[in-house]
Structure formats: structure tokens, C-alpha cells
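Provided below are the primary sequence and the corresponding predicted coordinates.
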Amino acid sequence: MCDLSIERSIGSHFAALEDPRSSTQSRHKLIEVIVIAIAATLSGADGWTGVETFAKAKKAWLLTFLELPAGIPSHNTFGRVFGLINPEQFAVCFRQWSAAVATLLPDEIIAVDGKTLRRSHNRSKGLAALHLVSAWATANRVVLGQVATDAKSNEITAIPRLLEWLKLQGCIVTIDAMGCQTKIAEQIINQGGDYVLALKGNQETLAAEVEEAFIEADARGYAGVDSEFIETVERGHGRLETRRYRTLGDCSGVPRSALWKAMNMMGMVESRREVAGKVSIETRYFIGSIGTSATRFAHAVRGHWGVENGLHWNLDISFREDECRVRDPVARENLAVLRHLALSRLKNDDTKLGLQNKRLKAACNEDYLTKLLFESPKRKDDTGASASANISSA
């Protein structure tokens, strides 16, 4: 049976958060407001009205571990409090929780990608939609951190800030073409990680050199070159997907490779998709520091899609993030962190249900909600032994 004390809940990681309110005008304890919001988000609330509705329905349960000296806060109170909490401090507390549940896994893929919260804008006040750049640990299924920007174009400056908060030792960082920058690659290496970066038009000269290197190697049948190849085939949902992964280790024919710290491989992925008799083929190129193992390269490339499928898609489908109309510039950012926390916790729960049904179960079953809120998920490394946290806030 769980010890139902607030010090043992997920919310305990937010206990040191600075209270931005006047001490003479604060009727509700800050940590209790946060714990209620976490529990409500786990249980299906997607906005402040939902948080209040949940809290009123679960008041008796909440009183088993909260004091609630002024009763249940109103939805306006939740919105006002989360609009005052410093989002950077709130994000630090979240990263501390992530560090507590993320454990050592060899070659953990840390996928970095951005997402725009489409309805978080306020045109009448000139407020652009919130854009978050997140780091997703694919095997751990945990958001390690996030940085808010007001435009996708600012990802180049947001990514270094996000990475500097993380311990990358032994991990492979994957980023799409927007983050394919020499300084970002250098930062990853300096922090003890490796990288696999997608190439597109933003590195036009390098992309052309890499493509030409593969064309020349292919013309020679890859004879006499350090190269590996694997092919995967997937069938399902009426489609057939074949992916061919090819690596090259000789970068001497790519002059611009000298600008990239520790770059020791180039990768190519040819994806062939057949749906209802129609065939589409796409070829993508990458650079990296992981050597020429085609298996490791495929692991990194496929792992990167975890941030789309495991994080962004679930935020939209299970948490209705793109429909949320919280537009306060601070509250919307803190609410996004609450969603990241709830999704990460639900992903690490072993109940055999999808995310939406886990949230429904949490709303209906107080024992299950207690488990989510008070029990830390226990993860193990590939040897089956308990491992210490490796992916954490620096």
C-alpha cells in the first residue's frame, strides 16, 4: 500500500518551486495546487475547468493526503497560479522528475524535435502559437526536457539550450535537418554523446557531397569501402514498407566533413512504400559519429520516429493538445509541461491499455490513480539488473 503523503508523490519534485504569489493573498498551498493539476491531467483533464471538475469530484480522495485549507481552488485560480509560476523553474522541477525515472540503457536514442501547439495563439494580442522543442528518450519513453520558442525557425537556438541540461554520455542524439548544425554536433560530442543528423537543403553543399559519395560507391559495388547494409520489411494496415539502410565510413571524398566534429559515417535510407498497388520511394541522407554499423544506424533512424509516434501523436490524439485554448503565455507553457509529465508517467505504466483508456481508468479508479501518482516506475537495463539514472538533468 502506498504511503499517501505528498512528499512521496510525483508532486514532491515541485516542492522547492518558488511561490510567486503574495503570502497575504494566497488561500491555497502552491504544492497542493500543483499536485491536484498533475492528478487531474493524468485522469483526463485537458484545461483548468477540467482540473476543477476533477478536484471537486475527488475531494474526499484528495483529503487523504492534502490539507486543502480553503477547499478546492476554482478553475480561475488554477489558471492564475499557473500563469504566475516561472516556467523555467517549473521545467527544472520536471527535469528532476524525469531524471528520477530514466535509467541506464545502452545506446539510448534521445530524439530532439519541435511541435507547435496550433491553437495556443492569441491574434488579438499578437501572441504567436507556442512552439516546443522536446527531448524524448525513446527506450525510456520519457520526455527529458523541453524549451519553448515562438517560432519553428528558433529551433536552432533552442536545441543547444535544451541539450546543455541533459547528460548525454552513452546516448545517441537524433535531430532532423533543422538541427543539422556544426555547433550542435560539437556540443553533443563535448557532452559525451554521439549524433545522427538528417541532411536536407539547409546543408545543401554537404548534402550534395554525401549523395555523390554514395553514387560513386554504388557504381563500384561498394568494393573496397567501409560500408554495411541491412534491409527491413514491415507489413500491416494494408501497406508494405521496405527500408534499405546503407552506411559509408570513408569521408575523404566529402570535403565539408572536416567541419563536423567526430563525424565518421554517412548514412542513406531508401524507403519503399506500397499501398493499394501504389508505390512511393524516398531516399534520405544522414551524417553521424556512430561508426558504420548498419544495425546501429537503423536503430538511430527508426528510433527518431519515437518522438513523433510516442510523443507528438499521443499529445494530439490522447491529450487533445492542438485543441487546447489556454492562451496565457506562461500558463500554456506550464500546462504543456504537465502534459509531458502525465504522458511520460502513463507510458511507463505496465497496465495493458492505451493512453486514453489509462486516463479513463485513472479518473474512475482511485487505486490506479494512487499508483500513478505515488509509485515510481521501475525500469531495468538490458541485463535485467536495476540501473542508476544516466539520462538526467545536468
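Nice, thanks for sending it over.

and the strands in the stretch 151-300 of the chain?
172-175, 194-199, 227-236, 239-248, 265-275, 278-288 (DSSP state E, counting those that start in this stretch).

what's in contact with the last one?
For strand 278-288, the surrounding residues in contact (C-beta atoms under 8 Å, 6 or more residues apart in numbering) are 180, 194-199, 206-207, 210-211, 214, 257, 260, 263-273, 297, 300-301. Glycine gets a C-beta too; all of them are placed from N, C-alpha and C.

filter these to the buried ones?
When the contacts of strand 278-288 are checked for burial by 16 or more other C-beta atoms under 10 Å, the buried set is 180, 194-199, 206-207, 210-211, 214, 257, 260, 263-269, 271-272, 297, 300-301.

could the strands of the stretch 151-300 of the chain go into TSV alongside distance to His13?
TSV is the format used below for those (distance: least, C-beta to C-beta, whole Å):
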stretch	distance to His13
strand 172-175	24
strand 194-199	29
strand 227-236	39
strand 239-248	39
strand 265-275	38
strand 278-288	34
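
out of those, which is the most enclosed?
strand 172-175 (a mean of 28; mean count of other C-beta atoms under 10 Å).

pairing partners for that strand, with directions?
strand 109-116 (parallel), strand 194-199 (parallel) (DSSP bridges).

OK, contacts around Thr242?
So Thr242 contacts Glu231, Thr232, Val233, Glu234, Ser271, Arg272 (C-beta under 8 Å, 6+ apart).

if I look at the last one, how far off is Thr174?
I take that to be Arg272. Separation of Arg272 from Thr174 (C-beta to C-beta, to the nearest Å) stands at 22 Å.

show me what the residue positioned nearest the centre of the chain is bridged to.
Nearest residue to the geometric centre of the chain (C-alpha atoms, centre = their mean): Trp136, 2.9 Å. Trp136 has these beta-bridge partners by DSSP bridges: Ala111, Val143.

what sits against the residue lying closest to Ser74 once chain neighbours are set aside?
Spatial nearest neighbour of Ser74, excluding adjacent residues (C-beta to C-beta, 6 or more residues apart in numbering): Glu52 at 5.9 Å. Each residue near Glu52 by C-beta under 8 Å, 6+ apart is listed here: Ile72, Pro73, Ser74, His75, Phe78.

what about the fourth one, neighbour count?
So the one you mean is His75. 16 (other C-beta atoms under 10 Å).
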